[in-house]
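A.B. asks: take a look and give me a structure for this.
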Amino acid sequence: MSAKDSGFTQPPWVMGSPKEVMDWIEASHPSEKDHIKKENYKEEFLTNIHIKFDFDVKRSEIEHSNFLLKIMGRKLILEDFELLPTAELILRGLAKAKFKNTAKIVVDGKTLYEHPEKKTDLRKTINNISEYSKEISEGNKLEIKALLDNIEGCAAIIKIKKIHSKKEHSIEILMKGRIRKSVYHTFLNYLDEKIGFKAES
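C.D. replies: Below you'll find the predicted structure:
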């Protein structure tokens, strides 16, 4: 086997030129720069993030269902969007950010799905969400809890409300616990790509 096709980095006295000498030195004695970069790099974490936003959709005021609040003139906001595609979009964003487990799905206070012990069913839930499509489509308030499969154990609690008070937002996402900043930005970037969402700094 010749030196050329051996796949082994040859010493400079076989290669010859100054550039090849430097290549050989670098191959034989790697620079410490990469090692230093790895030692100095520390993953940044964020804690207990709360995201709130509304869609740019038609809104209308409706009377409160609570009798006392109704006679006090309190009104609610009804927003014109669908729960099911909104839930799918947010779940896909969480899956993109490596969330693994859909732990719970609740519609109008009724639990449709609860399996916190499962570890890798988020994408499966997205694909099979049609199983709950009737209940979700007919509902006004949807709550989903998703778990991030990492050592931080972050839980995302998503609340999607078609009907809410004037002070509330239609979408609230609370990420309880620690989450890597890079993972969080992966989720935000997905929302920005799909709905033009920008987080407030």
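A.B. asks: domain assignment for the chain?
C.D. replies: The chain breaks down into these domains under automatic domain parsing: 8-41, 49-195.
A.B. asks: among those domains, which gets the worst mean confidence?
C.D. replies: Ranked by mean pLDDT, those bottom out at domain 8-41, which scores a mean of 54.
A.B. asks: for the residue nearest to Asp80 when sequence neighbours are not counted, give its distance to Thr125.
C.D. replies: Excluding its sequence neighbours, the residue lying closest to Asp80 (Cβ to Cβ, 6 or more residues apart in numbering) is Lys58, at 4.1 Å. Placement of C-beta: from N, CA and C, glycine included. Distance, Lys58 to Thr125, by Cβ to Cβ, to the nearest Å: 29 Å.
A.B. asks: more neighbours: which of the two?
C.D. replies: Thr125 (23 against 9; other Cβ atoms under 10 Å).
A.B. asks: just list what whichever strand or helix holds that one packs against, helices and strands only.
C.D. replies: Per DSSP states H and E: Thr125 is located in helix 122-127. Judged by 3 or more Cβ pairs under 8 Å, 6 or more residues apart in numbering; DSSP states H and E, helix 122-127 is in contact with helix 83-96, strand 99-107.
A.B. asks: swap the cut-off to 10 Å and go again
C.D. replies: In terms of contacts (3 or more Cβ pairs under 10 Å, 6 or more residues apart in numbering; DSSP states H and E), helix 122-127 is packed against helix 83-96, strand 99-107, strand 141-148.
A.B. asks: following element in sequence after that helix, please.
C.D. replies: Past helix 122-127, the next helix or strand by DSSP H and E is helix 133-138.
A.B. asks: sorry, back to before: so which of the helices and strands packed on helix 122-127 is nearest Lys167?
C.D. replies: strand 141-148 (15.6 Å; Cβ to Cβ).
A.B. asks: what lines up beside the closest one in the sheet?
C.D. replies: Note on strand 141-148: by DSSP bridges, its sheet partners are strand 99-107 (antiparallel), strand 155-161 (antiparallel).
A.B. asks: that one vs helix 83-96, what angle?
C.D. replies: Between strand 141-148 and helix 83-96, the angle comes out at 10 degrees (axes from the mean of the first three to the mean of the last three Cα atoms, to 10 degrees).
A.B. asks: send me strand 141-148 as CSV with only the CA atoms.
C.D. replies: In CSV, the C-alpha atoms belonging to strand 141-148 read as follows (Å, rounded to 0.1, in the frame of the first residue of the first chain):
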residue,chain,number,x,y,z
LYS,A,141,-61.2,26.1,26.4
LEU,A,142,-58.4,23.6,25.9
GLU,A,143,-55.5,22.8,28.2
ILE,A,144,-52.6,20.6,27.3
LYS,A,145,-49.6,19.6,29.5
ALA,A,146,-46.5,18.4,27.7
LEU,A,147,-43.2,17.2,29.2
LEU,A,148,-39.7,17.8,28.0
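A.B. asks: how far is the helix holding Thr125 from where the chain is centred?
C.D. replies: Chain-centre distance of helix 122-127: 14 Å, with Cα atoms, centre = their mean, to the nearest Å.
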